[in-house]
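S.K.: Okay, sequence plus prediction incoming.
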Amino acid sequence: MKKYILLIISIIALAGCQDVIDVDLNEAEERLVIEAAMIKLKGASGTNQRIRLTKTRGFFEDSLSIVDDAEITVTGEGGEVFNFLHDTAGFYYTNQFQTNLMEKYQLQIEVDDEVYTAEETFMPVVPIDSVSQRNNAGFSGEDIELKAYYKDPAGEDNYYLFTFFVNFVDFPTTDIYDDEFTDGNTIFALYQEEELVPGDEVVITNFGLSRQFYEYMNVLLSQVGSVGGPFQTQPAVVRGNIVNETNPENFPYGYFSLTESDQFIYTVQE
């Protein structure tokens, strides 16, 4: 009841305030944002791919600044050129992409008289073999815990990104793994959620990553999880693998990645 009264008092006080407060924020230089994730689900052709171009915006700006006049190509190791054509809202599509695992691909984007390029290898991934469930996890002993098991290939460096998604959350839980201490073993990705109930479907996806993409995601996820207010300065600018060949100082945000994925849909048990 006291909290309710304090809330009412706060609303009245704000309603009676006539002064306009201007927040002086540093205006960062506008930059290109490139979403270029080529993903092939195991068993699918992977011919339909898309890339999105937008630009950064101010803190108080609502509208998204899209880029609809770029020329985008991805070139395979054998010289095949795939053109991405703009459709709507900054999305560029192709339905003729050819996915060749462990081959290198080159991205090129021409926009605003500048050329952006990147190179990456199309990384394979191992399947998710099984999922186990425990109902007495967490500090309370009442959380549901899932383990998604997979067999790491022996004698090679491997990197993984796992996502766990249920329909009552806005964004999937994401974590990354390497095999530095688990090479060649059967290991698992871990997920806990106190709101899971029997009958919920959890979509578990495993993505194969290159080492440089793993390192990029490691920095990105650590910054997303850092504590700070809405005006907190980020510890560092997270730069991807896309380079501005025309003007290196005007670097873009985003990453060009090519990953195979495997998906396992698990229904929570009693």
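M.R.: Perfect, thanks for sending it.
S.K.: going forward, measure contacts and count neighbours with C-alpha atoms only.
M.R.: Fine.
S.K.: Identify the residues contacting the nearest residue to Lys42 once chain neighbours are set aside.
M.R.: Among residues not flanking Lys42 along the chain, Asp262 sits closest, at 5.6 Å (Cα to Cα, 6 or more residues apart in numbering). By Cα atoms under 8 Å, 6 or more residues apart in numbering, the contact set of Asp262 is 41-42, 125-128, 205-207.
S.K.: A strand includes Asp262, no?
M.R.: Yes. Checked against DSSP: H, G, I helix; E, B strand; the rest coil, Asp262 lies within a strand.
S.K.: That one bridge partners, please.
M.R.: Counting by DSSP bridges, Asp262 is bridged to Asn206.
S.K.: my read: His173 touches Leu161, true?
M.R.: One correction, residue 173 is Thr, not His. No. Using Cα atoms under 8 Å, Thr173 is not in contact with Leu161, being 10.5 Å away.
S.K.: More neighbours: which of these two?
M.R.: Leu161 (21 against 15; other Cα atoms under 10 Å).
S.K.: so what's the spatially closest residue to Thr88 that is not a sequence neighbour up against?
M.R.: Of all residues not flanking Thr88 in the chain, Asp68 sits nearest, at 7.6 Å (Cα to Cα, 6+ apart). Residues in contact with Asp68 (Cα under 8 Å, 6+ apart) are 53, 86, 88-91.
S.K.: Serialize those to JSON lines and add fields for pLDDT, secondary structure and distance to Gln108.
M.R.: Output for those, formatted as JSON lines (pLDDT from 0 to 100; DSSP: H, G, I helix; E, B strand; the rest coil; distance: Cα to Cα, whole Å):
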{"residue": "Leu53", "pLDDT": "98", "secondary structure": "strand", "distance to Gln108": "13"}
{"residue": "His86", "pLDDT": "97", "secondary structure": "strand", "distance to Gln108": "15"}
{"residue": "Thr88", "pLDDT": "95", "secondary structure": "strand", "distance to Gln108": "20"}
{"residue": "Ala89", "pLDDT": "95", "secondary structure": "coil", "distance to Gln108": "20"}
{"residue": "Gly90", "pLDDT": "97", "secondary structure": "coil", "distance to Gln108": "16"}
{"residue": "Phe91", "pLDDT": "98", "secondary structure": "strand", "distance to Gln108": "15"}
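S.K.: For the stretch 151-270 of the chain, which segments count as helices?
M.R.: 211-224 (DSSP state H, counting those that start in this stretch).
S.K.: Break down it into its strands, ranges please.
M.R.: In the stretch 151-270 of the chain, the segments counted as strands under DSSP state E, counting those that start in this stretch are 159-165, 173-178, 186-193, 201-209, 243-244, 253-267.
S.K.: Among those strands, which comes closest to Tyr216?
M.R.: Tyr216 lies closest to strand 253-267 among the strands of the stretch 151-270 of the chain, at 8.6 Å (Cα to Cα).
S.K.: what about that closest one, average pLDDT?
M.R.: For strand 253-267, mean pLDDT is 97.
S.K.: Where does pLDDT dip in the chain?
M.R.: Along the chain, the model assigns pLDDT under 70 to residues 1-28, 58-62, 225-236.
S.K.: and with 90 instead?
M.R.: Scanning the chain for pLDDT under 90 picks out 1-30, 56-64, 136-142, 168-171, 193-194, 220-239, 270.
S.K.: From Glu201, how far out is Phe264?
M.R.: 10 Å (Cα to Cα, to the nearest Å).
S.K.: Phe251 now?
M.R.: 40 Å.
S.K.: ok, those two, which is more surrounded?
M.R.: Taking neighbours as other Cα under 10 Å, Phe251 and Glu201 compare with Phe251 leading, 19 against 16.
S.K.: ok, and the closest non-adjacent residue to that one?
M.R.: Phe251 sits nearest to Asn244 (Cα to Cα, 6+ apart), 5.5 Å away.
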